[in-house]
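K.L.:
What follows is a predicted structure for the sequence shown.
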Amino acid sequence: MKLHVKWFIYAGITWTLLFAFMSFYWAAGGMIGVKSLGGQIYRMALERDEGFLPIVWATGVVKLGGVLLLLGLIRSRANTKLRRWLSFICISAGIFMILYGAGNIITISLAAMNILDFDLEAYAIKWRLLFWEPFWIVGGIFYTLAGFSKK
């Protein structure tokens with residue numbers, strides 16, 4: 001596999017590791033960036049809600065599953081059927097992430113215009129629109145292009 005084709009896979013792996021690290025950092029008690037999420041998530045993080053912490057740890061583990069998925073695309077010896085499934089899963093996950101980020105941009109923008117009523121303060125709205133939702137979209141693009149790179 002050529003480097004320019006692998007680039008999307010490596011970018012997706014990097015993106016996923018960063019995303020998983022954030023979950024593990026927050027689950028371990030780190031607070032940098034949590035306020036930018038806003039709403040109930042921020043409150044549960046501040047209160048160190050015991051029911052919420054296992055969910056944050058689990059999201060980090062699930063995110064690492066994406067690394068395994070992307071690494072599977074690199075294996076050039078994997079059988080064709082497996083590569084096709086891995087590609088399909090990456091493309092599907094990528095499209096979901098893009099739609100999730102775009103959908104959140106729309107709904108959070110409507111909340112910022114007071115058309116929808118969300119439990120988000122202005123600080124969280126700003127960070128969600130400028131960072132978090134575009135971050136989801138970028139990850140989705142990496143996964144989608146990684147999946148197409150193996151077809």
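P.N.:
Nice, thanks for sending it over. Residues are numbered from 1 along each chain as shown.
K.L.:
And the next helix or strand past the helix or strand bottoming out on mean pLDDT in the chain?
P.N.:
One helix or strand of the chain scores below all others by mean pLDDT, DSSP states H and E: helix 39-47, with a mean of 88. Under the assignment DSSP states H and E, the closest C-terminal helix or strand after helix 39-47 is helix 53-74.
K.L.:
who are the neighbours of the helix or strand that that following helix is followed by, in terms of helices and strands?
P.N.:
As assigned by DSSP H and E, the chain's next helix or strand after helix 53-74 is helix 80-112. When contacts are defined as 3 or more C-beta pairs under 8 Å, 6 or more residues apart in numbering; DSSP states H and E, helix 80-112 packs onto helix 53-74, helix 122-127, helix 133-149. C-beta coordinates here come from the backbone N, C-alpha and C atoms, glycine included.
K.L.:
Would you point out which residue is most central in this structure?
P.N.:
The centroid of the chain falls nearest to Trp136 when counting by C-alpha atoms, centre = their mean (4.9 Å).
K.L.:
Contacts only, for the closest residue to that residue other than its chain neighbours.
P.N.:
Among residues not flanking Trp136 along the chain, Gly101 sits closest, at 3.3 Å (C-beta to C-beta, 6 or more residues apart in numbering). Contacts of Gly101 were listed using C-beta atoms under 8 Å, 6 or more residues apart in numbering, and they are Glu133, Pro134, Phe135, Trp136, Ile137, Gly140.
K.L.:
State the distance from the residue lying closest to the second one once chain neighbours are set aside to Glu133.
P.N.:
Counting by C-beta to C-beta, 6+ apart, Gly101 is the residue found nearest to Pro134 once chain neighbours are left out, at 6.6 Å. As defined by C-beta to C-beta, to the nearest Å, Gly101 lies at a distance of 4 Å from Glu133.
K.L.:
before we move on, back to that, narrow the contacts of Gly101 to just the buried residues.
P.N.:
Glu133, Phe135, Trp136, Ile137, Gly140 (16 or more other C-beta atoms under 10 Å).
K.L.:
Not counting its neighbours along the chain, what's nearest Ala124?
P.N.:
Once flanking residues are discounted, Ala124 sits nearest to Gly38: 2.4 Å by C-beta to C-beta, 6+ apart.
K.L.:
cool, Glu121 as well?
P.N.:
Using C-beta to C-beta, 6+ apart and skipping residues adjacent in sequence, the residue nearest Glu121 is Gly38, 6.0 Å away.
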